[in-house]
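J.: missing the sequence, but the structure's below:
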C-alpha cells in the first residue's frame, strides 16, 4: 500500500514539472496577417496548380490578402499561369473590390480561349456590380477598334443581363448594324429580349420588338411578367398553370424562348429549356445550338445539364453550320462539338435518317388509314420504318453519349486537372 502511494506521488510530481516546462515554451506563431509583398505573391503562384492541397490553400490565403493591392500586376501574370492556377487566381481577382475588376470580367468573357470555370467566375462577379459600372465597361470594349465577332457577341451577352434603357438601346444599335439573318444579329436581339424580360418597365422596347417581328407574342409585357413570376409560386398547381399560360403565349416565337433559356432565374431557364427540348426549331436550329453551347460553357450546373438535353434533341450542325458557329462560340466548346460530330459522322448521317423517317411516316399514315395494317404496301413501309428506327436509335445514342462525354464531365466538375 505504501509503495502504491509513493508511485502516485511521483507521478503527480512528474506531471507538475512537465506543465511548468511546457508553459515556458514559446507559443506557435500565428499566420501573418500583414499584406504580402508582390514578390511573395509571385512566388506563391506556383503552388496554385500544385498537387498538395495544404500548400495550395496556404498560397490562396496569402494571395487573397494581397490581391487588391497588387491587382494590376497579378492580372499581367494571369496568361502565364497553368490552367488550374489561372482559374483560381482569376476567381480571387474578380472577387476583390479593385476598380479594374469589372474590366477584367468583361475581358475574360471576350477571350475565346476562356474555359468554363473562368467564364463562371467572371459572370458571377459581374452580377454583384452596379449595372452602370458594367455598362460603362461594355461600352469601352465595344469602342475598341477591330473588335472580333466573338468579342461583340460576348458584349451583347453581358448587355442582356442589364435592365438599363441605355443597355437596350445599345443592343438595338448592335442588331441594326449586324448582317441580316446572321448569328451576330440574333445575339444582339437576344440581348435586347433578355433585358426586356428582366424588367417590367421595358414596354416601349417590347412594343418595338412586336412591330419588328410578326411572330412576337401579341400580349403586353406585364402579362408575360405576371406569368413568369408565377413560375416561382410554391404551389405545384400554380406553377403548372403558369407554364401552360406561358407556353401558349410564347409558343410562336423561338427568340423569346431562347432568351428565357439564359435567364438568371433558374425556374425561367428550366421552363424555356423544357419547351425547347420538345419543339423542332426549324430555321432557329443553328441559333439554338449556339445558345446551348454558350449555356454549357457558362451556365450554372443544372441549367447547363438541361442545355445538353436540348442540344441532343436538335439537329447536328452541317459543315456549313460549323463555319457560321466558329466566330461566335468559344474555342473549347467548338473543339468538343467537332469531336462529337467526328464520332457521329463515322456512325452515319443522323439528320438524313431523321428526314427519311419523316418522309416514310408521311407516306405510311394515309395508306394505313385507307387499307389497314394487313395491306402489303403498308407492311413494307412499316418494315422500312422499323429498320430506319433501329439505325436512328443507334445514331442518336452516339450523338447523346458524345455530348455527355465531352460536356457533362466538365459541367459536373469531374474532369481532372
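T.: Good, I have the coordinates. Just so you know, these numbers come straight off a predicted model, no measurement behind them. Residues are numbered from 1 along each chain as shown.
J.: Check the gap between the closest residue to residue 110 other than its chain neighbours and residue 94 for me.
T.: Closest residue in space to residue 110, ignoring its immediate chain neighbours: residue 151 at 4.4 Å, by Cβ to Cβ, 6 or more residues apart in numbering. To be clear about C-beta, it is placed using only N, CA and C from the backbone, and glycine gets the same treatment. Going from residue 151 to residue 94 by Cβ to Cβ, to the nearest Å gives 18 Å.
J.: These two - which one has more neighbours?
T.: residue 94 (23 against 19; other Cβ atoms under 10 Å).
J.: tell me what the longest helix along the chain is packed against?
T.: In terms of residue count, the longest helix belonging to the chain (DSSP state H) is helix 376-403. For helix 376-403, the contact count by 3 or more Cβ pairs under 8 Å, 6 or more residues apart in numbering; DSSP states H and E identifies helix 301-313, helix 331-347, helix 350-371 as packing neighbours.
J.: Flag every buried residue along the helix or strand harbouring residue 137.
T.: Following DSSP states H and E, one finds residue 137 within helix 131-142. Neighbour counts over helix 131-142 (16 or more other Cβ atoms under 10 Å) mark 134, 135, 137, 138, 141, 142 as buried.
J.: Give me the distance from the helix or strand where residue 188 lies to the chain's centre.
T.: Following DSSP H and E, one finds residue 188 within helix 183-198. Distance, stretch centre to chain centre, for helix 183-198: 16 Å (Cα atoms, centre = their mean, to the nearest Å).
J.: Helix 183-198 and the next helix or strand after that helix, what's the angle between them?
T.: Sequence-wise, the next helix or strand downstream of helix 183-198 (DSSP H and E) is helix 203-212. Helix 203-212 and helix 183-198 are oriented at 140 degrees to each other (axes from the mean of the first three to the mean of the last three Cα atoms, to 10 degrees).
J.: tell me the average confidence for helix 203-212?
T.: The average of the pLDDT scores along helix 203-212 is 93.
J.: Give me the angle between the longest helix of the chain and helix 301-313.
T.: Following the same axes, to 10 degrees, one obtains 140 degrees for the angle between helix 376-403 and helix 301-313.
J.: the inter-axis angle of helix 376-403 versus helix 331-347?
T.: Using the same axes, to 10 degrees: helix 376-403 against helix 331-347 is 150 degrees.
J.: Following the chain past helix 376-403, name the next helix or strand.
T.: helix 409-411.
J.: quick check: angle from the longest helix of the chain to helix 350-371?
T.: Using the same axes, to 10 degrees: helix 376-403 against helix 350-371 is 150 degrees.
J.: in helix 376-403, what's buried?
T.: 378, 381-382, 385, 388, 391-392, 395-396, 398-400, 402-403.
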